[in-house]
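Visitor: Here you go, sequence then predicted model.
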Amino acid sequence: MKFSNPKIPEGINTSPDHPLKEFAWLLGSVSLLIVIVISVLGFMAEFLATRIPFSYEMELAGRFADTNPDPSPTRDYLQEIADRLAAAQDLPGEMKITVHYADPEIANAFATLGGHIVIYRGLVEKMRSENALAMVVSHEIAHIKHRHPVVALGRGVTVGIALAALTGVSANIMADRVIGNAGTLTDIGFSRSQESEADATALAALVAVYGHANGSTDVFKTFMEINHSQPLNPPEFLSTHPNPENRIESIAQQIAGNGWQATGPLTPIPAAVIDSLNAD
Amino acid sequence: MILSNLESIPYRTVSKQLGLVQGSTVRAKHVGKDILAGLKNVFGGELKAYTELLQEARKEAVERMVQEADAIGADAILNIRFSTSSVTQGAAELFAYGTAVVLEDQ
Amino acid sequence: MHIDLIIVLVLLILGYGFGRHAEKRHYQSIIRREKEMRGMLTFSAKTPPQDLKIANTTLVGGNVVISVDYFKRFVSGLRGLIGGRMKTYETLLDRARREAVLRMKAEAQEQGAEMIFNVKLETASISKGAKNTIGSVEVYAYGTAVTLG
């Protein structure tokens, strides 16, 4: 019997592929898969949520929001601006806008279900003209007009369920992270496009009421100041809102495209309101 | 005690078959080794502590099997097989079994 | 979310770098020792051929436990979603098998043997428990070493 032990060549039971190549391919495929799934769910949510009648929204909101907020000079003033802008935006009859003025020194405002808008004192104090304030109010009314609050709610539920289902599947925590992050990033992409849509509608209404677009970028300049005072700002793709710089840019393009007046006389905020702000 | 995983000893004949003998141990490692192993999880490479742990456990399993064979008067254990399983976090069972036989005097 | 991503990235880089380096060195060592021990023959056959003059037989074995690095585990997690060959684990098992066989040969050499028959390999996963624990594998190679005489 003859015995020998020849050398077996390498690479038969192992792959010559570079591991980084496989890594990139896998990461890309999984991310793409998640982006597609979440995008489809997002569109579905939008389609279905807009079919919910606004009256349902108002009833739902009525359970936790005050439908008759306490009067105050500032609140009544903001409501009056809102009513004019709502008319300019051609809101359907059943959509009633209720403005709430909140005391905290936060420089922000938001729109929620049932036509309720909240504007914080911090933002009101920073606006130097009625036009600038009106842009803020108009933006929030635009969210309501486009049914963004209910769509965001629907999207939150469907995407939330989808991500919860998908992240349980893999036996590996790292894969869960990739899925979760890809899903979240896609979702806030939707949020950013909602903001851009609201900006465009808001600007058109502002110009319709005041005749020109002056003061429309003030609120974004304020946000830019706030950003610069912070050491670290996340990049746009990690935010729910587009960059203030980009929003100003879009507004400039919209003004130019429609041939609107970029300059014009700014309506001052009534003295009574300013006194009331300083009094507290 | 002659140990072999062949079916027979090449230069000896089996005079009596005494049946299956087994040896097993379940060993756990202590926390210190666990922490080091946790680091190795990031960097990869051989877990020497685990290797030694399992080596000793296997030796003990074989010793227990030999003990069983001794107790029934065998000369050799043939067709030895091993089995390893992880029974719970941080513990492994080592199992050795074979056929105990009595060999004819040479 | 940001800190999370950064930690994962750092661990991935560490795992990839150290893992590749360790693997390369290990393979060099394996290939060198396989060359040295080319004379030690191994067979999976259960019975040695009739015409072989055997003096002694003894049971020999070699084991090794190798762990995956963070990069490999990450890739395997993703691969677990898509399916297909886990190429990164292939090298892990290849290394472990060859290392175990080499250690078995070394023990046989100590005993003065020249051939090992009925070589069997056993692979076990040492990672039961919480999801987050060790991805490591143990390979045990054993056989009956024969000295000729």
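Guide: Yep, that arrived. Here the structure is a predicted model, which is why all the values come from computation and not from measurement.
Visitor: After whichever helix in chain B runs longest, heading C-terminal, what element do we hit next?
Guide: For chain B, the longest helix by residue count, based on DSSP state H, is helix B:48-71. From helix B:48-71 onward toward the C-terminus, using DSSP states H and E, the following helix or strand is strand B:76-88.
Visitor: Whether that next one contacts chain C - can you check?
Guide: Yes: applying C-beta under 8 Å from any C-beta of the partner chain, one finds strand B:76-88 touching chain C at B:Ile80, B:Arg81, B:Phe82, B:Ser83, B:Thr84, B:Ser85, B:Ser86, B:Val87, B:Thr88. (Each C-beta comes from the backbone N, C-alpha and C, glycine too.)
Visitor: The helix or strand that that strand is followed by - contacts with which helices or strands?
Guide: Downstream of strand B:76-88, the first helix or strand assigned by DSSP H and E is strand B:91-103. Here strand B:91-103 is seen to pack against strand B:14-28, helix B:48-71, strand B:76-88 when contacts are counted using 3 or more C-beta pairs under 8 Å, 6 or more residues apart in numbering or on different chains; DSSP states H and E.
Visitor: redo that, cut-off 10 Å
Guide: strand B:2-3, strand B:14-28, helix B:48-71, strand B:76-88, strand C:54-67, strand C:115-125, strand C:136-148 (3 or more C-beta pairs under 10 Å, 6 or more residues apart in numbering or on different chains; DSSP states H and E).
Visitor: which stretches of chain C form helices?
Guide: Going by DSSP H, chain C shows helices at C:2-36, C:70-82, C:87-110.
Visitor: And the residues of strand B:76-88 next to chain C, which is closest to chain A?
Guide: Using C-beta to the nearest C-beta, B:Ser86 is the member of these that lies nearest chain A, at 15.4 Å.
Visitor: beta partners of the closest one?
Guide: On the basis of DSSP bridges, B:Ser86 is bridged to B:Ala92.
Visitor: Could you report the neighbour count for the closest residue to A:Glu94 other than its chain neighbours?
Guide: In space, and not counting its chain neighbours, A:Glu94 is closest to A:Phe54: 5.4 Å by C-beta to C-beta, 6 or more residues apart in numbering or on different chains. The number of residues packed near A:Phe54 is 20, by other C-beta atoms under 10 Å in any protein chain shown.
Visitor: what do you get for B:Ser83?
Guide: 14.
Visitor: do A:Asn233 as well
Guide: Neighbour tally, A:Asn233, other C-beta under 10 Å: 12.
Visitor: wait, is it part of a helix?
Guide: No: A:Asn233 is assigned coil when assessed by DSSP: H, G, I helix; E, B strand; the rest coil, not a helix.
Visitor: can you pull the contacts of it?
Guide: For A:Asn233, the contact set (C-beta atoms under 10 Å, 6 or more residues apart in numbering or on different chains) comprises A:Ile226, A:Asn227, A:Ser239, A:Asn243.
Visitor: and the angle for the host helix or strand of A:Gly160 with helix C:70-82?
Guide: Element membership for A:Gly160 (DSSP H and E) is helix A:148-169. Helix A:148-169 runs at 110 degrees relative to helix C:70-82, counting by axes from the mean of the first three to the mean of the last three C-alpha atoms, to 10 degrees.
Visitor: Flag the shaky bits of chain B, pLDDT-wise.
Guide: Low-confidence segments of chain B (pLDDT under 70): B:29-35, B:89-90.
Visitor: ok, and the most crowded of the residues of strand B:76-88 next to chain C?
Guide: Among the residues of strand B:76-88 next to chain C, the one with the most neighbours (other C-beta under 10 Å) is B:Ile80, at 24 neighbours.
Visitor: So is stretch A:192-206 next to chain C?
Guide: No: figure legend: stretch A:192-206 not in contact with chain C (C-beta under 10 Å from any C-beta of the partner chain); closest approach 16.3 Å.
Visitor: Check the offset of that stretch from the chain's centre.
Guide: Distance, stretch centre to chain centre, for stretch A:192-206: 11 Å (C-alpha atoms, centre = their mean, to the nearest Å).
Visitor: what is the mean pLDDT for the helix or strand hosting A:Ile144?
Guide: Per DSSP H and E: A:Ile144 is located in helix A:130-145. On average, the pLDDT along helix A:130-145 is 93.
Visitor: how about that helix as CSV, C-alpha atoms only?
Guide: Presented in CSV, the C-alpha positions along helix A:130-145 are these (Å, rounded to 0.1, in the frame of the first residue of the first chain):
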residue,chain,number,x,y,z
GLU,A,130,-46.8,91.1,12.0
ASN,A,131,-45.7,89.7,8.6
ALA,A,132,-43.1,87.5,10.3
LEU,A,133,-45.6,86.2,12.9
ALA,A,134,-48.1,85.7,10.1
MET,A,135,-45.7,83.4,8.3
VAL,A,136,-45.5,81.2,11.4
VAL,A,137,-49.2,81.1,11.7
SER,A,138,-49.7,80.5,8.0
HIS,A,139,-47.2,77.6,8.1
GLU,A,140,-49.1,75.9,10.9
ILE,A,141,-52.5,76.4,9.1
ALA,A,142,-50.9,74.9,6.0
HIS,A,143,-50.1,71.7,8.0
ILE,A,144,-53.8,71.5,9.0
LYS,A,145,-55.0,72.2,5.4
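Visitor: so it versus helix A:148-169, what angle?
Guide: Angle between the axes of helix A:130-145 and helix A:148-169 is 60 degrees (criterion: the same axes, to 10 degrees).
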